[in-house]
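[1] any chance you can model this:
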Amino acid sequence: MKIVEYRLQLPLTLEEYYLAQLFMVAKASGEETGKQVGEGIEIVKNEPYVENEHGLPPGQYTEKIFYLKSKIPRFIAAVIPDSAMELVEYSWNAFPKCLTIYENRFLGEKFHLSVESMHANDRGTQENANNLSKAELKVREVEYLNIADKNNNVAITKDADPTTFQSIKTGRGPLTKDFAETCEPYMCAYKVVRLQFKVFGLQKKVEAYGHFYGIRNPFIDYHRKLFCWIDEWFGLKLSDIRLMESEIQRTNKEKLANSQDRSANAPTSTAALAAAT
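    Residues are numbered from 1 along each chain as shown. Model (predicted):
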């Protein structure tokens, strides 16, 4: 198992980040669904919870299914069937503490992916924000992710460039590479990602690939969007976000149904989809 703690510093308050993250996840979910035939995110459940098996305080529970055919690397797609190219996500949001667990029904116990997060009013200086055990601390890697760094292997897009964007509503931005040292307000998301892929001959390669391309890079990309979308979410209430989530849940279901109808008639093979990555 490869354990990496990613630390994301942002020029936001904790209260702002809570709403911003919910907005970003909902909007991105809607944008990603239907882009590829038969792919996207199905939101199965989105409801409050009181108790859970992980000892988290009461919060919001979500369950989603990610259909990922074209995003599976070829060296993995070659050894698993089409039916296995999906992930089920179970998430408990008790902000500032959150836990998300992913399962693959085909791989079962051979696969483990979880994201354990703590959010704090600091600049990423906590040694063990998620209370990892001594054994995990010995193998944990720590990486700071800078959304304003143009040389972090994640290309900046014109519509989500924090180095040129300035918020009309808040005046924040553009961000310099060293913004995290002096920005006001400030906060840090501490995200501990545990990834295990126990398949002989593929474990180290998949765990390294999964962390870099499946976790690290999307963290940077989507947090750039989170900041650059600030004028869309700033001032919204939680009730506004919940309405947005309900609408995305409905439209995603329709997009997937239409996309699957097209998939049934499409000549594109799984191999061709995998080769596109």
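
[2] would residue 249 count as being in a helix?
    Yes - when classified by DSSP: H, G, I helix; E, B strand; the rest coil, residue 249 is found to be part of a helix.

[3] what distance do you get for it to residue 40?
    Noted for residue 249: a distance of 12 Å to residue 40, by Cβ to Cβ, to the nearest Å. Quick note: C-beta positions are derived from backbone N, CA and C, even for glycine.

[4] those two: which is more packed in?
    residue 40 (23 against 20; other Cβ atoms under 10 Å).

[5] residue contacts, the residue lying closest to the more buried one once chain neighbours are set aside?
    Distances taken as Cβ to Cβ, 6 or more residues apart in numbering place residue 33 nearest to residue 40, at 2.9 Å, with adjacent residues excluded. Each residue near residue 33 by Cβ atoms under 8 Å, 6 or more residues apart in numbering is listed here: 39-41, 251-252, 255-256, 259.

[6] pLDDT at residue 208, what is it?
    Residue 208 is assigned a pLDDT of 96 by the prediction.

[7] grab the nearest non-local neighbour of it.
    The shortest distance from residue 208 to any non-neighbouring residue, by Cβ to Cβ, 6+ apart, is to residue 2 (7.0 Å).

[8] and for residue 52?
    residue 92 is the one closest to residue 52 (Cβ to Cβ, 6+ apart), at 5.4 Å.

[9] need the three-state assignment for the one you found.
    Strictly by three-state DSSP, residue 92 counts as strand.

[10] and for it, the neighbour number?
    By other Cβ under 10 Å, neighbour count at residue 92 equals 21.

[11] can you pull the contacts of residue 6?
    Shown in contact with residue 6 (Cβ under 8 Å, 6+ apart): 143-145, 189-191, 193, 215-216, 219.

[12] repeat the analysis, applying 7 Å as the threshold.
    With contact taken as Cβ atoms under 7 Å, 6 or more residues apart in numbering, residue 6 is in contact with 143, 145, 191, 193, 216, 219.

[13] ok so, going back, PyMOL command for the buried members of the contacts of residue 33?
    The following PyMOL line selects those of these that are buried, judged by 16 or more other Cβ atoms under 10 Å:
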select buried, resi 39+40+41+252+255+256+259
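
[14] can you give me the strands for the stretch 1-150 of the chain?
    2-10, 40-49, 59-67, 86-94, 97-103, 111-120, 141-145 (DSSP state E, counting those that start in this stretch).
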